[in-house]
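**Student:** Build me a structure from this.
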Amino acid sequence: MARNSNGESAFSRTVRVLEAFGPRTPALTVSELSRRTGISMPTVSRLVSELIEHGWLVRDAERSVRVGVRMWELASRAAPAVELCRVAQPYAVELLGSVGHHVQISVRQGRDMVVVERLSALDAVHSNGRYADRLPLLASAPGLVLLAHTSPEFQESLLTEDPSGRSATDPALLRRRLNEIRSTGCAYCPGMPDPDVTVIAVPLRAPGGRVMAALSVAVPNGERARGALAAVSRTGARISQAYAERNHANATAPAHRHSGEGRRTVSHNRPVPVPHTRRSTGPIG
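**Tutor:** Numbers count the residues shown, from 1 in each chain. This is a model prediction of the structure:
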């Protein structure tokens, strides 16, 4: 694979271009991509042209570049997030109907959490969360739940070297909080990260007990938040049980089931059947 004078491969440069796009930078010009990646304009221009040719990027009416449908198509196949969201969706919809406002599912990726599903009521309290958002584990309730169930070595690496600057800095306090989350089975975080909002998060477990994701709600502070705690915990347990049952059914199904024969396709983005509800892709205000 061709490398530049610094020894970086063409593939690595392509990855850097793609990773320049984010929830708050959905469209970038070639010059902006060059500045963000530190890659020369001619090289970025060539890479962008090739990515557009393959459908991974597209140009909009303003000649800026955006992530293309092909990228979304590939990302939507990510496992186990796709299967988990399929199993969880009816329960998440029911939870949204009960507590209102925002319901989301997040998974860990390295030192961060990524939102893989988010449902919001049209009249929901303002919350800065977005579908596909990425946040440091220490900066959110679902992130704390995910972190609480990682290895002690990994936890120590974050507690003592937190690079985010967006969390409490006392490692002893954070250790106590993680112990409390493991003990109670939830993270209850008023004002984190929005001052008027309480986020409640619980683990979603794979068969065998491994924590694979976090279910959370964002609701106004006060009585509504206190009343939502039991509903979130109950829903998390139901989703984990349903996921285990789905995995057991898949493992014991006849071979032709795994080849796709007779499999019913479920759209990950189908309309959510709750009145006054939408999938949230940006701040609600």
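
**Student:** Just the CA coordinates for stretch 62-77, please, in CSV.
**Tutor:** In CSV, the C-alpha atoms belonging to stretch 62-77 read as follows (Å, rounded to 0.1, in the frame of the first residue of the first chain):
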residue,chain,number,x,y,z
GLU,A,62,-22.8,24.3,-1.5
ARG,A,63,-20.0,22.1,-2.7
SER,A,64,-19.2,20.9,0.8
VAL,A,65,-18.6,17.2,1.4
ARG,A,66,-20.8,15.0,3.5
VAL,A,67,-20.9,11.3,4.5
GLY,A,68,-22.6,9.3,1.9
VAL,A,69,-25.4,6.8,2.1
ARG,A,70,-22.9,4.0,1.4
MET,A,71,-21.1,4.8,4.6
TRP,A,72,-24.4,4.7,6.5
GLU,A,73,-25.3,1.4,4.9
LEU,A,74,-22.1,-0.2,6.0
ALA,A,75,-22.3,1.2,9.5
SER,A,76,-25.9,0.0,9.9
ARG,A,77,-24.6,-3.5,9.7
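
**Student:** Return the distance of it from the chain's centre.
**Tutor:** 17 Å (Cα atoms, centre = their mean, to the nearest Å).

**Student:** can you pull the buried residues of that stretch?
**Tutor:** Across stretch 62-77, burial judged by 16 or more other Cβ atoms under 10 Å covers Val65, Val67, Gly68, Met71. (C-beta placed from N, C-alpha, C; glycine too.)

**Student:** any residues touching that stretch, and which ones?
**Tutor:** 18, 21, 26-30, 33, 48, 51-52, 54-60, 82, 268 (Cβ atoms under 8 Å, 6 or more residues apart in numbering).

**Student:** that older thread, and of the buried residues of stretch 62-77, the nearest to Tyr131?
**Tutor:** Val67 (13.3 Å; Cβ to Cβ).
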